[in-house]
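> return atomic coordinates for the entry below.
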Amino acid sequence: MTDAAVPVPWAPGAPTLDRVPREVRELSEEPTGADAGTQDAVLLFVGGPLDGRVEIREARLGEPLPTITHVHLHGGPKVVHRYDLTPLGPRAGVYRLRPRQPVRDRSVAD
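Model prediction:
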């Protein structure tokens, strides 16, 4: 099999929900017993530059953050995206891109 035939979960243009393997989607079921507090969390990103990314957050890091800020630095001005967490169960969630809010430039006098 060539590299081109291997599916890449974060490839641009691929359908967002189809990129997530069935095994990852099944992790959203509630854990029981002693493993309930020791399982890693599966986090999916929808929208923006992180669209399609799947992150496994280790249990030792605690609960996923309610909001994540992604800052893209390049030759031009920095671009800031915020993602809000929507839980899918105790060990899974989806970070959705927050709609852009107009920002007023206060460095220029009115």
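> do a quick rundown of the helices in the protein.
Across the chain, reading from the start of the chain, the helices by DSSP state H fall at 22-26.
> longest strand in it, by residue count?
strand 79-89 (DSSP state E).
> got the buried residues for that one?
Of the residues in strand 79-89, those scored as buried under the neighbour-count criterion (16 or more other Cβ atoms under 10 Å) are His81, Arg82, Tyr83, Leu85, Leu88. For glycine as for every other residue, the C-beta is placed from the backbone atoms N, C-alpha and C.
> adjacent strands (with direction) for that strand?
Paired with strand 79-89 in the same sheet, following DSSP bridges, are strand 67-72 (antiparallel), strand 92-97 (antiparallel).
> of these, which stretch is the most buried?
Of all the strands paired with strand 79-89, strand 92-97 carries the top mean neighbour count, a mean of 20, counting by mean count of other Cβ atoms under 10 Å.
> bridged to Gly93, which residues?
With DSSP bridges as the rule, Gly93 is bridged to Leu43, Pro87.
> check contacts around it.
Taking Cβ atoms under 8 Å, 6 or more residues apart in numbering, we find Gly93 in contact with Ala41, Val42, Leu43, Leu44, Pro64, Leu85, Thr86, Pro87.
> for Phe45, same thing?
Applying Cβ under 8 Å, 6+ apart, one finds that Phe45 lies in contact with Asp51, Gly52, Arg53, Val54, Glu55, Tyr83, Val94, Tyr95.
> at 6 Å instead, please
Taking Cβ atoms under 6 Å, 6 or more residues apart in numbering as the contact definition, Phe45 lies against Arg53, Tyr95.
> ok, it to Arg96 distance?
8 Å (Cβ to Cβ, to the nearest Å).
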